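# got a predicted structure here, sequence first:
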Amino acid sequence: MGLLENIKNVVSDVSKTAQTETKEVDVVFDRIPETLEDFTSLPQAELSTPFDTAALTVLALCVYPKDKDLCFAMLDFLRGESRPMNNVEKHLIADHFQAQSYVPRSYFDGATPVNGYTPEEPYTVRVSDDQLSYVTKGHATLNLKSGGAESPRKINLRKGEDDKWYLWEQFLLVGIEEPPEKKPIIERIGS
């Protein structure tokens, strides 16, 4: 098979992917787990869909302000046994939490800057795909809507040989609109 034939096949595959319907899934949690056992016993912890794994990532990151080691254990579970977090990855997460511990909560329905990112209960994470979510076989790039950002944030997942969907990388801890109590007093007076 020549180079042109390969290019034609790739373009055809991308074209087929672009024609698929987008899907939006609400993943609902009654509570934020307080132990790794609670976390791994959730029905979504079967990791049978990329949507479940994406939503569980939000749940794990919400644990960080209370117990960073538990958060890292949850993320390691989501990454799979063969790919635990290294110290650099842990340090990057710690850096994000120094100034904006509210960011993970912003992915729950009802959490907005105005209410200090206090989510509605039960905790609902809306996860969606798009035309480019499944371009690479065995991988998914999904979107999560934050109550503090106009555009959705991305999360990459991969399907393991065991047919479970694992966390590959997340881009969820990027900056969002600050809640009013976090804004400098000059900015609050001007609004």
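Here it is on my side, so go on.

# show me what contacts the residue nearest the centre of the chain?
By C-alpha atoms, centre = their mean, the chain has its centre lying nearest to A54, at 4.5 Å. A54 makes contact with 27, 125, 127, 142, 144, 155, 157, according to C-beta atoms under 8 Å, 6 or more residues apart in numbering. C-beta here means a position set from N, CA and C on the backbone, and glycine is covered the same way.

# would you mind measuring from it to L92?
Taking C-beta to C-beta, to the nearest Å as the measure, A54 falls 19 Å from L92.

# now do the SS call for A73.
Using DSSP: H, G, I helix; E, B strand; the rest coil, the structure places A73 in helix.

# please verify my assumption that it contacts D38.
No. Assessed by C-beta atoms under 8 Å, A73 is found out of contact with D38, at 11.6 Å.

# so for these two, which residue has more residues nearby?
Shown here are A73 and D38; by other C-beta atoms under 10 Å, A73 has more neighbours (19 against 14).

# low-confidence stretches in the protein?
Low-confidence segments of the chain (pLDDT under 70): 1-20, 182-191.

# are we agreed that A94 is in a helix?
Yes. The assignment for A94 is a helix, going by three-state DSSP.

# quick one: the helices in the chain?
Listed in chain order, the helices of the chain (DSSP state H) span 3-18, 36-40, 50-63, 68-79, 87-99, 185-190.

# quick check: the closest residue to H96 other than its chain neighbours vs F29, distance?
Excluding the flanking residues, the one nearest H96 by C-beta to C-beta, 6 or more residues apart in numbering is L173, at 3.9 Å. Using C-beta to C-beta, L173 is found at 19 Å from F29.
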